[in-house]
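# Make a model of this:
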Amino acid sequence: MNDSTKKIVIGKEEEIKKEKKRLRRIFKEIDANKLAFVTHQIDNLAWLNVSTKELKQKVDNDGTTVEYNNGGGQSGVRDNPDVKTLIAYQKNITAITKQLLDLVPAKSKSKLQEFLNG
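Numbering: from 1, shown residues only. Below is the predicted model:
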């Protein structure tokens, strides 16, 4: 791994760490009995949020279609495979967020919705 790659990996790890901290604050009202599940889901959600942000930037730079050349004279334009990955990540983010929201006590949901909506 060269220095540039190390910096990117360290940068992503720091972003994920910050995102975990942010999410733990958001979902702090969840019952302590469900902590193991919640912690695992928050870790997954943090990774997905950071990775989605990176993937969005990549799609913005590369576009939704990319050129290909399979050799043997076969070339053209195809859908960017990163777009499918981005859609899958976004579906997973939605599912995990819903699971976590379902675990938040009813009295805390309105405050949480306000916070999540900005």
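# Show me what the helix or strand containing Lys84 is packed against.
According to DSSP states H and E, Lys84 maps onto helix 81-103. Applying 3 or more CB pairs under 8 Å, 6 or more residues apart in numbering; DSSP states H and E, one finds that helix 81-103 contacts helix 35-62. Backbone N, C-alpha and C define where each C-beta goes, glycine included.
# which strands and helices sit next to the helix or strand following the helix it packs on?
Later in the chain than helix 35-62, the nearest helix or strand by DSSP H and E is strand 65-71. Counting by 3+ CB pairs under 8 Å, 6+ apart, the packing neighbours recorded for strand 65-71 are strand 74-79.
# quick revisit: helix 35-62 and the helix holding Lys84, what's the angle between them?
Here helix 81-103 runs at an angle of 150 degrees relative to helix 35-62 (axes from the mean of the first three to the mean of the last three CA atoms, to 10 degrees).
# Just the CA trace of helix 81-103, in PDB.
The C-alpha coordinates for helix 81-103 follow below in PDB (Å, rounded to 0.1, in the frame of the first residue of the first chain):
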ATOM      1  CA  PRO A  81     -21.800  -0.400 -12.400                       C
ATOM      2  CA  ASP A  82     -21.200   2.100  -9.500                       C
ATOM      3  CA  VAL A  83     -24.700   3.300  -9.900                       C
ATOM      4  CA  LYS A  84     -26.100  -0.100  -9.100                       C
ATOM      5  CA  THR A  85     -23.900  -0.300  -6.000                       C
ATOM      6  CA  LEU A  86     -25.000   3.200  -5.000                       C
ATOM      7  CA  ILE A  87     -28.700   2.200  -5.200                       C
ATOM      8  CA  ALA A  88     -28.000  -1.000  -3.200                       C
ATOM      9  CA  TYR A  89     -26.200   1.000  -0.500                       C
ATOM     10  CA  GLN A  90     -29.100   3.500  -0.300                       C
ATOM     11  CA  LYS A  91     -31.600   0.700   0.100                       C
ATOM     12  CA  ASN A  92     -29.500  -0.800   2.900                       C
ATOM     13  CA  ILE A  93     -29.300   2.700   4.600                       C
ATOM     14  CA  THR A  94     -33.100   3.000   4.400                       C
ATOM     15  CA  ALA A  95     -33.600  -0.500   5.900                       C
ATOM     16  CA  ILE A  96     -31.100  -0.100   8.700                       C
ATOM     17  CA  THR A  97     -32.400   3.400   9.600                       C
ATOM     18  CA  LYS A  98     -36.000   2.100   9.700                       C
ATOM     19  CA  GLN A  99     -34.900  -0.800  12.000                       C
ATOM     20  CA  LEU A 100     -33.200   1.600  14.300                       C
ATOM     21  CA  LEU A 101     -36.100   4.100  14.300                       C
ATOM     22  CA  ASP A 102     -38.400   1.200  15.200                       C
ATOM     23  CA  LEU A 103     -36.300   0.600  18.400                       C
END
